[in-house]
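**Student:** show me the folded form of this:
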Amino acid sequence: MKTLSCQRDLFELPSKLHYLNCAFMAPLSKRVSAAGYKALQTLQTPNLLEPDDFFAESDVVRSLFARLIGSEDKDRIAIIPSVSYAMAIVAKNVPLQAGQNIVVVSEQFPSNLYPWQRMCSACGAEMRTVHPVNTGMNRSATWNQAILDSIDEKTALIALPELHWADGTRFDLKNISKKGHSYGARLIIDGTQSIGASPFDVMDIRPDALICAGYKWLTGPYSLGLAYFGPIFDNGTPLEENWITRRHSENFADLVSYQSEYQSGAIRYDVGERSNFILLPMLKAGLEQVLEWGAQGIQDYCFKLTKSSVAELSEVGCQIESNAWRGEHLFGIRLPPQVTPDILSGKLETHNVKVSFRGDVVRVSPYLYNDHEDMNSLLSAVRSAITNPEK
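**Tutor:** Take a look at the predicted model:
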């Protein structure tokens with residue numbers, strides 16, 4: 001594996017902007033933008049489109065994502081417009097009864113919560129929300145143990161992120177998967193804040209579904225994502241009945257010979273008009289670029305980039321989780337009591353630093369376009385908020 005250097009020249013970010021906010025939205029790289037411009041030009045002459053064009057790019061994108069997550073079967077990948085769309089597919093296909101429970105963690109992203117609330121409300125099942133046990137330095141370890149303790153013979157579904165979207169807390173998915181499956185529970189993972197930037201292997205973790213938006217760490221466009229569906233969903237019911245997911249849909253001349261059977265695997269769950277001739281080539285370019293860099297290479301780069309700054313932030317009174325329990329590309333800073341978000345916001349604006357505030361943490365999410373100047377500017381802003389809060 002090659003050692004990565006800063007890739008800022010592959011992006012169009014302003015030179016004085018310290019954008020440490022990829023968890024909000026990845027800036028389109030020049031490569032992804034070029035794919036979009038080329039796609040627009042293609043649609044200026046739609047007479048040149050052939051039936052195969054509705055299928056070929058989709059198959060390539062499935063293959064790229066399958067490779068990224070360690071799946072040997074591209075047909076297990078569905079093309080989706082959003083995380084909530086794929087979560088709704090799961091909700092439609094997982095049975096739930098009164099007396100059973102669904103396990104989630106506190107303050108996870110709403111798209112991975114609302115479907116389960118509705119399911120539980122509809123049948124009288126329990127929504128089991130696991131909160132962090134404490135706020136000390138072993139917060140993540142005890143939180144993970146609490147999740148394991150909450151899973152029992154009545155658990156029907158476990159819906160978690162790999163990394164918490166607010167502060168990057170890492171969840172022990174392998175052990176959670178093992179215990180959940182021992183009781184027959186389904187494991188549904190929102191990989192939006194980790195897949196592409198952190199190594200993941202579906203054969204090791206064995207989720208029943210892994211769902212991911214495309215516009216963050218996959219470096220693709222907004223409104224297109226990807227989802228892996230395991231064997232338990234092979235005969236499920238999709239949200240919509242579109243033509244392209246049926247058998248023999250490649251034969252445009254015979255589409256009115258209606259088919260009751262779907263294409264193989266998870267293709268039945270594809271969103272309508274999945275062959276999006278602009279967004280799909282952009283997502284393909286993003287996936288190709290991420291695979292060339294390698295998820296482990298991205299983690300290693302972010303570790304080297306943030307190591308000294310994280311140590312210095314801890315020295316001035318900030319609390320940051322240890323490396324073992326968070327992502328290198330996504331972590332939360334809990335500020336000293338005297339520093340309010342309003343104070344820090346002003347300092348960040350002065351230093352032209354872009355991060356996100358999520359709950360009680362400052363979410364920092366660096367990427368390959370960041371360098372030590374970006375981290376030093378963040379550190380300067382935090383120091384200024386601590387030492388000169390009134391200015």
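
**Student:** if I read this right, Trp116 contacts Ala91, doesn't it?
**Tutor:** Yes - using C-beta atoms under 8 Å, Trp116 is in contact with Ala91, at 7.3 Å. All C-beta spots, glycine's among them, are computed from the backbone N, C-alpha and C.

**Student:** higher neighbour count, these two?
**Tutor:** Neighbour count, other C-beta atoms under 10 Å: between Trp116 and Ala91, Trp116 has more, with 26 against 20.

**Student:** OK, contacts around the nearest residue to Val83 once chain neighbours are set aside?
**Tutor:** Among residues not flanking Val83 along the chain, Ser111 sits closest, at 4.6 Å (C-beta to C-beta, 6 or more residues apart in numbering). Ser111 makes contact with Ser82, Val83, Ser84, Met87, Asp190, according to C-beta atoms under 8 Å, 6 or more residues apart in numbering.

**Student:** could you point out the longest helix of this protein?
**Tutor:** In the chain, taking DSSP state H as the definition, the longest helix is helix 295-315.

**Student:** and Ile298, how many residues sit next to it?
**Tutor:** For Ile298, using other C-beta under 10 Å, the count is 23.

**Student:** likewise Asp9?
**Tutor:** 8.

**Student:** residues contacting it?
**Tutor:** So Asp9 contacts nothing (C-beta under 8 Å, 6+ apart).

**Student:** now Ile69
**Tutor:** Gly191, Ile195, Phe200, Asp201, Val202, Leu210, Tyr228.

**Student:** so what does the helix or strand harbouring the last one touch, helix or strand wise?
**Tutor:** Element membership of Tyr228, judged by DSSP states H and E, is strand 225-229. With contacts defined as 3 or more C-beta pairs under 8 Å, 6 or more residues apart in numbering; DSSP states H and E, the secondary structure elements packing on strand 225-229 are helix 56-69, strand 77-80, helix 83-93, strand 209-213.

**Student:** whichever helix or strand comes after it packs against which elements?
**Tutor:** Using DSSP H and E, the next helix or strand after strand 225-229 towards the C-terminus is helix 279-293. Here helix 279-293 touches helix 30-43, helix 56-69, going by 3+ C-beta pairs under 8 Å, 6+ apart.

**Student:** what's helix 279-293 in contact with?
**Tutor:** Residues from elsewhere that reach helix 279-293 (C-beta under 8 Å, 6+ apart): 4, 7, 28-29, 31-36, 38-39, 57-58, 60-61, 64-65, 67-68, 79, 196, 214, 217-221, 223-224, 226, 274, 298, 368.

**Student:** just the buried members of those?
**Tutor:** Neighbour counting with 16 or more other C-beta atoms under 10 Å marks 4, 7, 28-29, 31-33, 35-36, 39, 57-58, 60-61, 64-65, 68, 79, 196, 214, 217-221, 224, 226, 274, 298, 368 as buried within these.
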